[in-house]
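Engineer: I'd like to go over a predicted model; first the sequence, then the structure.
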There are 2 protein chains.
Amino acid sequence: MEVTRQNFKDSLRTVYSAIDEADFLAIDGEFSGISDGPNVSALTNGLDTPEERYMKLKKHSMDFLLFQFGLCTFTYDEAASNYVIKTFNFYVFPKPFNRTSPDIKFICQSSSIDFLASQGFDFNKVFRHGIPYLNQEEEVQLREQYEERRNQSNGSGATSYISPNSNKGPGSVPEEHKDYIKRVIEKVGSLFTTSEKTVDLDPCTGFQRKLIYQTLNWKFPKGLHVETLETDKKERYIQVSMVDEEERKIRERQKQEREQEELNDAVGFSRVIHAISKSGKLVVGHNMLLDVMHTIHQFYCGLPEDLNDFKEVTQCVFPRLLDTKLMATTQPFKELINNTSLAELQKQLKESPFKTPKVVTAKGFPSYDTAQEQLHEAGYDAYITGLCFISMANYLGTFLTPPKAHIAARSKLIEPFFNKLFLMRIIDIPYLNISGPDLQPQRDHVLYVTFPKEWKTSDLYQLFSAFGNIQVSWIDDTSAFVCLSQTDQVQIAMNTSRYAESYRIQTYAEYLQGKRQVRDSQIQATQSWGEDGWVKPHYAPVPGTTTGGYRPSSVKRSISPIQEEQAQSTPTDGWSGQTHTHTDQGSKKIKTDGVCVRTYAGVVNSQTSEGWLKTQSDSSSMTPIQEEAVDETNDTVGGAWEQPPLANQSKKGRKVKKRKTDDAEATSLFDVPQVW
Amino acid sequence: MEVTRQNFKDSLRTVYSAIDEADFLAIDGEFSGISDGPNVSALTNGLDTPEERYMKLKKHSMDFLLFQFGLCTFTYDEAASNYVIKTFNFYVFPKPFNRTSPDIKFICQSSSIDFLASQGFDFNKVFRHGIPYLNQEEEVQLREQYEERRNQSNGSGATSYISPNSNKGPGSVPEEHKDYIKRVIEKVGSLFTTSEKTVDLDPCTGFQRKLIYQTLNWKFPKGLHVETLETDKKERYIQVSMVDEEERKIRERQKQEREQEELNDAVGFSRVIHAISKSGKLVVGHNMLLDVMHTIHQFYCGLPEDLNDFKEVTQCVFPRLLDTKLMATTQPFKELINNTSLAELQKQLKESPFKTPKVVTAKGFPSYDTAQEQLHEAGYDAYITGLCFISMANYLGTFLTPPKAHIAARSKLIEPFFNKLFLMRIIDIPYLNISGPDLQPQRDHVLYVTFPKEWKTSDLYQLFSAFGNIQVSWIDDTSAFVCLSQTDQVQIAMNTSRYAESYRIQTYAEYLQGKRQVRDSQIQATQSWGEDGWVKPHYAPVPGTTTGGYRPSSVKRSISPIQEEQAQSTPTDGWSGQTHTHTDQGSKKIKTDGVCVRTYAGVVNSQTSEGWLKTQSDSSSMTPIQEEAVDETNDTVGGAWEQPPLANQSKKGRKVKKRKTDDAEATSLFDVPQVW
């Protein structure tokens, strides 16, 4: 269902009930661009920390506009054993709602626009008929404006005068306007002597209107209703009407209702996001970090500086998220799926061992034909994402004893994938953990190298030729990370570089420390976040996380967390450890201004009260970790040109080594890293 | 005529001939926004210097996209006594032409987009079918890329291999690719033993393609043509063909032609601007400074830092410009026209004493109906602008003895308006003088005041209440210019402010000096402009300009230049003084890289050789300067709220004073300031 400004109000009830009845929601956004930085490789370094990646996306991606929002609601019909879907394709545009409202500027990236154009994207629908929106701060401001006006008019007798100086009297009418105001008073005074009930004054300037309001309030404190209206030509003029008290009250109420409707219209599409948020339903997306960031940035608030603050806001807006790209690149799926782009994923999930989910379109909704791809239309992408989630969730059911064909969105089987958002092209951190601290892979084998800007990858290979295979991640023209295959080579490299003049080598630890020092001094200089109504984050370090070294594999998406520490507190069903740590966080409030006071604990509790499926899963029936398959998707690190020679051999060599040290991980379920 | 990527190539010949045959051209641009600064009042202070205004527009307006360019060509038909017009409406979009081409980002301003949308602007046409373009630097780069490739292929034997390392031989094939390359060699080798002439290899990675090119060049140095092609699915694969020497030359030539066509396609819409520029024809626009800046910025080069450099580039790109808004706000028109917005101007020029020009649409071109307004479509606006120009030019003819009904675009009567671009909302400098130094109004009566950010206009009125009427021009939250009505009040204000703590007052001269110091230190720190191929400007101060005080009127657009100095060197016909100073500048070259070597002198000479009309005008028949009419247009300084009380009276008082000191100006023609 296409939703624009023209049918938004009429569709809203339909949207609300679709969200209410759904088992889960799938979303997708289309943006006017991806990165305003120099290039994507600068945006996505393979050794970014989650903090760095977040800051880069915040800096280089948030000035684009999310102008199409896809929502597909999935409701399971037990009787028919199928999902009933409702798809909405919202066009969104920040049309200024009046002359004082913010005039949003946004960036367009030619390649993105051109790509969407080639997919038949309808820009006219966006720009002509896009649904407006306000973020929460703007909504509060507008509401206060209305309230202030209303209070003024209530306080100053029977008329709804706008000026705060309305009792100053006529003394403040400048000399050159006195004649004009005198004529206005005469014209309005005629209302009391003739049978006319209403008089329209000629259009005039804002200053003159101010004078008229002041003067009439002083001259005729009762019995008049004064209002500014607009002609067809958008010229503003004042209408003065004789009213009795009853009539005045009616007009006052009508005005209030009109204002409330104006306010709702201005909040516009944000109301849909609020409804999604309030529902607490599972929200599924594919490679959804940018979608989540844009949604919060556009419809809630500017993104916080600090990653932990972002996580808190995200948990407030989207209490349960699931990223199908992260799911597809994690055990047991990563062995079976070699390309996790949405289109390819959907294709592969049609083949054995997966099953195409049974889905029917709800009555009155246009149905999508998956044979005829309509990719990159947000509604269609949301729909496909939901299908992928169902296929993968149901596949997990085949591991149960007895196997289950349908796995509900509330099943504990999918809980390990909650709130972990796929991180593009990071070598050793597969996801951003929204509901806890991020993985902290050891990077002892990583060097930070600075060099003249003429250097190319081949220069780095040459420099480190003595150490066998290396992996290069460019940072900018004059610096890169170099991953050595063995940590004990690091000291040798450091020693040999000591007297080098053209280049400089730091260990990863030294690099981090230097960076931290720069950041700390910047924070001290500009810190003002705490005043903006955000509670400072108060994550207590989770035991075993910061000290328990998580040793990365050299191959992306091959996660091998150490679970010894966690096992100590994990009950026998293998699940409640996860739930437990969730509720640990429950006491946090996200925003202090009262607009959003949901706590994560509240959401978790309500989930529990709904009576989630308590599956007794036999962990020994799960597939063990398999790290041998090295499938490169189109989102993998480094292009063919930057691949070091003999890379495959090297990977194998390192893998063998790694396995020796990480035996503790062998019992992991689905290989979803569970750091806490 | 609508021109998009789809019909651009076919239309180009029509466009060229329309430009060639035209007497003058009218242009207009539509942009994705106006200002990315905080607000328009920050962009347009009433006391900006031309340098400041240029820098603000450059900083806050150039990141928007000019996405519709209107061109209307006007050709006078002597026999029919009418103009024949051809209107083109070009849709422009920087579609990346290949994977290495620049990925342009541009800003959209919601209010501008919303405004265009409300006018029915077709964004789909822009984004789906907009004509691409390159600026001159990008064009040169692309040409060099092609040439480099061609030279390489010529230098390395019979095949057109791309890799610069093509003679390295097979030693550099990595171990894991050796099998693959061996199979490729076998497959290609079969060409020499079978009847097949061509073999298509399977799609492969860029690295593999590089290896294939290298290896084939080494293995089969002659007799093969190797080329990378794309499948329908955009997968790249290599095609290898057996060729004899003749066939090879044909293919080489075809390839060269294909490349030239690709280059032309990439230069795209810029070719239209080049044609306009080369024609040297008079280019008419309405309030055209932003149009000119965007056109140069988008299709020629990034705008220079220095205003004088910008003027030089502008003279190179548009040797003769005429701004109808400046014309309409100058004598003898300003007495007759009280609203100079394009739509209103056109309406007023339909009434006496003006005549609606006789215009017919050329065969094959859709005609506009001026009764049905299509304003803000660039082609229509260009057309209307041309009509306004003709009406005003012809009106000048009524002053001749005998009167002339048709005044040609080459007439000396309109020369005073050449190359003077309207400056929005500057109190005392009506235009930017593209072909010379700008007016330097005395601002002895202006104070620069800084104060706490809580201050409002009323605080300033109160502060200066002892001095009668003042005029306030806000700069930012904590500073403003205050114009006193009498210069001798300045010293009193300075004296009384000496011990003030909350505010600070500087004379305008002190303010300018401080600003200059800041700028000089910045320039010293960042100067690199001279290296970019731009000749440093070498304007010699024109005698009498810097010292001959030009005393501004307090009313915008009431120009009263002193002409005593100029009169000394002005011959009796009253015109050649103007021409003379033009040719003074003729020796300047604009760019040193040879791309644009037209000199202004060349243009002027060609004009002269065309035999311009030598009108003997009787200056005593012209209307004298009339300063009494104070008509506020929608572009005037200050809103109703900032108007000081009694402003009208004050203006009259000052005017009387001023007239006493400026008697020398009474002989001015049309009141176009002629400073040199």
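Structural biologist: Thanks, I have the structure now.

Engineer: Where do the strands of the stretch 201-350 of chain A begin and end?
Structural biologist: Using DSSP state E, counting those that start in this stretch, the strands found in the stretch 201-350 of chain A span residues A:224-230, A:236-242, A:282-285, A:321-323.

Engineer: and of those strands, who's closest to A:Gln256?
Structural biologist: Closest approach to A:Gln256 among those is made by strand A:224-230 (13.6 Å; Cβ to Cβ). No exception for glycine: its C-beta is placed from N, CA and C like everyone else's.

Engineer: and the closest one, does that touch chain B?
Structural biologist: No: taking Cβ under 8 Å from any Cβ of the partner chain as the criterion, strand A:224-230 and chain B are apart, separated by no less than 14.0 Å.

Engineer: Save the strands of the stretch 201-350 of chain A as JSON lines, and put in distance to B:Ser473 and mean pLDDT too.
Structural biologist: Output for the strands of the stretch 201-350 of chain A, formatted as JSON lines (distance: least, Cβ to Cβ, whole Å; pLDDT from 0 to 100):
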{"stretch": "strand A:224-230", "distance to B:Ser473": "28", "mean pLDDT": "83"}
{"stretch": "strand A:236-242", "distance to B:Ser473": "25", "mean pLDDT": "87"}
{"stretch": "strand A:282-285", "distance to B:Ser473": "51", "mean pLDDT": "98"}
{"stretch": "strand A:321-323", "distance to B:Ser473": "52", "mean pLDDT": "98"}
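
Engineer: could you redo those as a markdown table and give each row mean neighbour count?
Structural biologist: Compiled in a markdown table, the strands of the stretch 201-350 of chain A are given as follows (neighbours: other Cβ atoms under 10 Å in any protein chain shown):
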| stretch | mean neighbour count |
| --- | --- |
| strand A:224-230 | 16 |
| strand A:236-242 | 17 |
| strand A:282-285 | 26 |
| strand A:321-323 | 27 |
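
Engineer: of all those strands, which lies closest to B:Asn287?
Structural biologist: Of the strands of the stretch 201-350 of chain A, nearest to B:Asn287 by Cβ to Cβ is strand A:236-242, at 25.0 Å.

Engineer: A:Arg251 and B:Ile276, how far apart?
Structural biologist: 59 Å (Cβ to Cβ, to the nearest Å).

Engineer: Ignore what I typed, I meant A:Lys456.
Structural biologist: 43 Å.

Engineer: the more surrounded of those two?
Structural biologist: Taking other Cβ atoms under 10 Å in any protein chain shown, A:Lys456 and B:Ile276 do not tie; B:Ile276 has more neighbours (23 against 12).

Engineer: Report the separation between A:Leu396 and A:Phe333.
Structural biologist: A:Leu396 sits 9 Å away from A:Phe333, going by Cβ to Cβ.

Engineer: One more: A:Pro174?
Structural biologist: 76 Å.

Engineer: So between the two, which is more surrounded?
Structural biologist: For the pair A:Pro174 and A:Phe333, the greater number of neighbours falls to A:Phe333 (23 against 14), based on other Cβ under 10 Å.

Engineer: Quick check, that one in contact with A:Tyr395.
Structural biologist: Yes: under the criterion of Cβ atoms under 8 Å, A:Phe333 makes contact with A:Tyr395 at 7.5 Å.

Engineer: And A:Glu305, its phi and psi?
Structural biologist: Per-residue torsions, A:Glu305: phi -70, psi -40 (degrees, to the nearest 10).

Engineer: Mind pulling up the pLDDT for it?
Structural biologist: Predicted confidence (pLDDT) for A:Glu305: 95.

Engineer: What residues sit buried inside the helix ranked longest in chain A?
Structural biologist: For chain A, the helix with the greatest residue count under DSSP state H is helix A:245-267. The neighbour-count check on helix A:245-267 (16 or more other Cβ atoms under 10 Å in any protein chain shown) flags A:Arg248, A:Glu252, A:Lys255, A:Glu259, A:Leu263, A:Asp265, A:Ala266, A:Val267 as buried.

Engineer: okay, the angle between that helix and strand A:224-230?
Structural biologist: Helix A:245-267 and strand A:224-230 are oriented at 30 degrees to each other (axes from the mean of the first three to the mean of the last three Cα atoms, to 10 degrees).

Engineer: who does helix A:245-267 touch, helix- and strand-wise?
Structural biologist: helix A:136-155, strand A:224-230 (3 or more Cβ pairs under 8 Å, 6 or more residues apart in numbering or on different chains; DSSP states H and E).

Engineer: Minimum distance to B:Asn339: which of the ones you listed has it?
Structural biologist: Smallest distance to B:Asn339 across these (Cβ to Cβ): 19.8 Å, for strand A:224-230.

Engineer: list the helices and strands that closest one packs on?
Structural biologist: Short answer (3+ Cβ pairs under 8 Å, 6+ apart): strand A:224-230 packs on helix A:206-219, strand A:236-242, helix A:245-267.

Engineer: Given the second one, what are its sheet partners and their directions?
Structural biologist: Meaning strand A:236-242. Strand pairing for strand A:236-242, determined by DSSP bridges: strand A:198-200 (antiparallel), strand A:224-230 (antiparallel).

Engineer: Which positions in the shortest one come out as buried?
Structural biologist: This points to strand A:198-200. Buried residues in strand A:198-200, counted by 16+ other Cβ under 10 Å: A:Val199.

Engineer: For it, give me every contacting residue.
Structural biologist: A:Lys187, A:Val188, A:Ser190, A:Leu191, A:Leu229, A:Tyr237, A:Ile238, A:Gln239, A:Val240, A:Ser241, A:Met242 (Cβ atoms under 8 Å, 6 or more residues apart in numbering or on different chains).

Engineer: In those, find the pair that's most separated.
Structural biologist: Among the contacts of strand A:198-200, A:Ser190 and A:Leu229 lie farthest apart (Cβ to Cβ), at 19.4 Å.

Engineer: any weak-confidence spans in chain A?
Structural biologist: A:38, A:40-42, A:151-172, A:369-375, A:525-676 (pLDDT under 70).

Engineer: Grab the most central residue of it for me.
Structural biologist: A:Val292 (1.6 Å; Cα atoms, centre = their mean).

Engineer: isn't it right up against A:Phe422?
Structural biologist: No: the pair A:Val292 / A:Phe422 is not scored as a contact, 11.0 Å apart, by Cβ under 8 Å.

Engineer: Pull up the pairing partners for the longest strand along chain A, direction included.
Structural biologist: Ranked by residue count under DSSP state E, the longest strand found in chain A is strand A:66-77. Strand A:66-77 pairs in its sheet with strand A:24-31 (antiparallel), strand A:82-91 (antiparallel), by DSSP bridges.

Engineer: Make TSV from these and add mean neighbour count to it.
Structural biologist: Shown next, in TSV, are the strands paired with strand A:66-77 (neighbours: other Cβ under 10 Å):
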stretch	mean neighbour count
strand A:24-31	26
strand A:82-91	23
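
Engineer: Figure out which of these is closest to A:Asp306.
Structural biologist: strand A:24-31 (23.4 Å).

Engineer: Return the distance of that closest one from the chain's centre.
Structural biologist: Here strand A:24-31 is found 10 Å from its chain centre; the criterion is Cα atoms, centre = their mean, to the nearest Å.

Engineer: I would like the residues contacting it, please.
Structural biologist: A:19, A:61, A:64-74, A:112, A:116, A:121, A:276, A:279, A:281-286, A:288, A:290-291, A:294-295, A:376-379, A:381-383, A:385-386, A:389, A:409.
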